[in-house]
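coords please:
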Amino acid sequence: MTLRSAESSDSTDRAGPQWEAGGAAAESSEVERLNLAMRELRRAGWYWGNMSVAEAKERLQDTSEGTFLVRDSSHSEYLLTISVKTSAGPTNLRIEFQDGKFRLDSIICVRSRLRQFDSVVHLIEYYVLMCKDRRTVSEMPSNGTVHLYLNKPLYHSAPSLQHHCRVAINRYTNKIQELPLPTRLKDFLKEYQYQDGCQRQTCSALIALGALCRTAGGGPYHSISLPRRNSNRKPCTRNKVPGH
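Prediction:
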C-alpha cells in the first residue's frame, strides 16, 4: 500500500493549500482507518507481520496454487504485500493505501479501474470470490503472463472456534442486531463482519450460534493478470520495482 509522507513532492502537489487547511483532520481520519483495518487483518489469521520475501517464498513453495498470505512489505513506500503461490511459483503483489482506501498495486494505465476498499480483509475477500468465478484454468497462458488466483489462506495458527463461528454467522446474515444474542457477543460479531469466502463452511449458522454462545460463556442458545468478469481486455502487466 502506498503511504507517502505529507512532505513528499507528489503529495504536496496534489493537496496544495487544501492540505494546510484541513490536513491534520484528514491525516487523523486516515490513521484511524488504517488502525481499524490492521486490527481486522490481525483477526483474520493469515497476516504474518514482519516476513522477508525469501521467508514468504519458503512458506509457499510446497503449497497448492492460490495459497496466499499477507505480510509487511519490505518496500519503503508500502506497508503490506500479498505473497501467493502461482503456476510459476511464489510471487508478490503490493497493496496501496491512499486517501483512506486500499487497492492492489498496478501500473498507471489500469490504476483508475481497480476497485478500492475500506479494509484489507474486504479487498482480499473480493478477489477470492472473483477467483471462484473463473471458468477455466490455464497453467501457463500463451502470452507469457502468470494468472493470479487467491483461494486458500495460509494461516500462521489455527483460527479459534469463536472465529469460525463468527464467519459462519456472517455468511448467513448481516443483521447482527436482530440475533438473539447478548450484547457482548453481538459486539464480537461486528468486530469482523466478513464471510471469508476462502474458508470452507464446516457448520451451519444455527450450530455456529450455539457453539459461539457456549465457547464465549453465554450459555445455550434458547498474474500478473487478475481475473475479470466478462472482459476481453488483454491483461496489463505492471512495472517491476525493487523490494516487495
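
output the below-cut-off pLDDT ranges for this protein.
1-26, 107-111, 133-147, 158-164, 166-167, 171-174, 189-244 (pLDDT under 70).

remind me, longest strand of it?
Longest strand of the chain, by residue count under DSSP state E: strand 89-98.

which elements pack onto that strand?
helix 53-60, strand 80-86, strand 101-104 (3 or more Cβ pairs under 8 Å, 6 or more residues apart in numbering; DSSP states H and E). For the C-beta atoms, the positions are set from N, CA and C on the backbone; glycine is no exception.

out of the ones you listed, which is the most enclosed?
strand 80-86 (a mean of 23; mean count of other Cβ atoms under 10 Å).

show me the domain layout of this structure.
Domain segmentation of the chain under automatic domain parsing yields 27-153, 161-215.

check which helix or strand residue 71 maps to.
Element membership for residue 71 (DSSP states H and E) is strand 67-72.

between that strand and helix 53-60, how many degrees?
Angle, strand 67-72 to helix 53-60, by axes from the mean of the first three to the mean of the last three Cα atoms, to 10 degrees: 150 degrees.

contacting residues around strand 67-72?
41, 44, 46-51, 56, 59-60, 79-85, 95, 120, 124, 150-154, 156 (Cβ atoms under 8 Å, 6 or more residues apart in numbering).

what comes up buried for that strand?
67, 68, 69, 70, 71 (16 or more other Cβ atoms under 10 Å).

residue 94: what's it in contact with?
So residue 94 contacts 1, 73, 75, 78, 80, 81, 82, 104, 105, 244 (Cβ under 8 Å, 6+ apart).

so residue 165, which of the three states?
helix (DSSP: H, G, I helix; E, B strand; the rest coil).

make residue 1 into 277 and carry on from there
Okay, using 277 as the starting number, the last item reads as residue 441.

that one: neighbour count?
Residue 441 has 25 neighbours, counted by other Cβ atoms under 10 Å.

do the same with residue 428
Residue 428: 19 neighbours (other Cβ under 10 Å).

from residue 357, how far off is it?
The gap separating residue 428 from residue 357 is 18 Å, by Cβ to Cβ, to the nearest Å.

taking the contacts of residue 370 together, which two end up most distant?
351 and 380 (14.0 Å; Cβ to Cβ).

re the thing from before, just the buried residues of strand 343-348 now: which is nearest residue 407?
residue 344 (10.2 Å).

the closest one and residue 392, how far apart?
20 Å.

look up how far residue 406 lies from residue 426.
9 Å.

residue 462 too?
Residue 462 is 30 Å from residue 406, by Cβ to Cβ.

also residue 431?
Residue 431 is 21 Å from residue 406, by Cβ to Cβ.

same deal with residue 350?
Distance from residue 350 to residue 406, by Cβ to Cβ: 27 Å.

residues contacting the closest residue to residue 342 other than its chain neighbours?
Nearest residue to residue 342, sequence neighbours excluded (Cβ to Cβ, 6 or more residues apart in numbering): residue 427, at 3.8 Å. If a contact means Cβ under 8 Å, 6+ apart, then residue 427 has 342, 343, 404, 407, 408, 474 as its contacts.

so who does the fourth one touch?
For residue 407, the contacting residues are 342, 425, 426, 427, 503, by Cβ under 8 Å, 6+ apart.

now do the phi/psi pair for it.
When read as degrees, to the nearest 10, the backbone of residue 407 gives phi -70, psi -30.

to residue 308, which of the helices and strands packed on strand 365-374 lies closest?
strand 377-380 (13.6 Å).

keeping just the C-alphas, turn that closest one into PDB.
C-alpha atoms of strand 377-380 as PDB (Å, rounded to 0.1, in the frame of the first residue of the first chain):
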ATOM      1  CA  LYS A 377      -8.500   3.400   0.700                       C
ATOM      2  CA  PHE A 378      -6.800   0.100  -0.200                       C
ATOM      3  CA  ARG A 379      -6.200  -1.300  -3.700                       C
ATOM      4  CA  LEU A 380      -3.800  -3.500  -5.500                       C
END
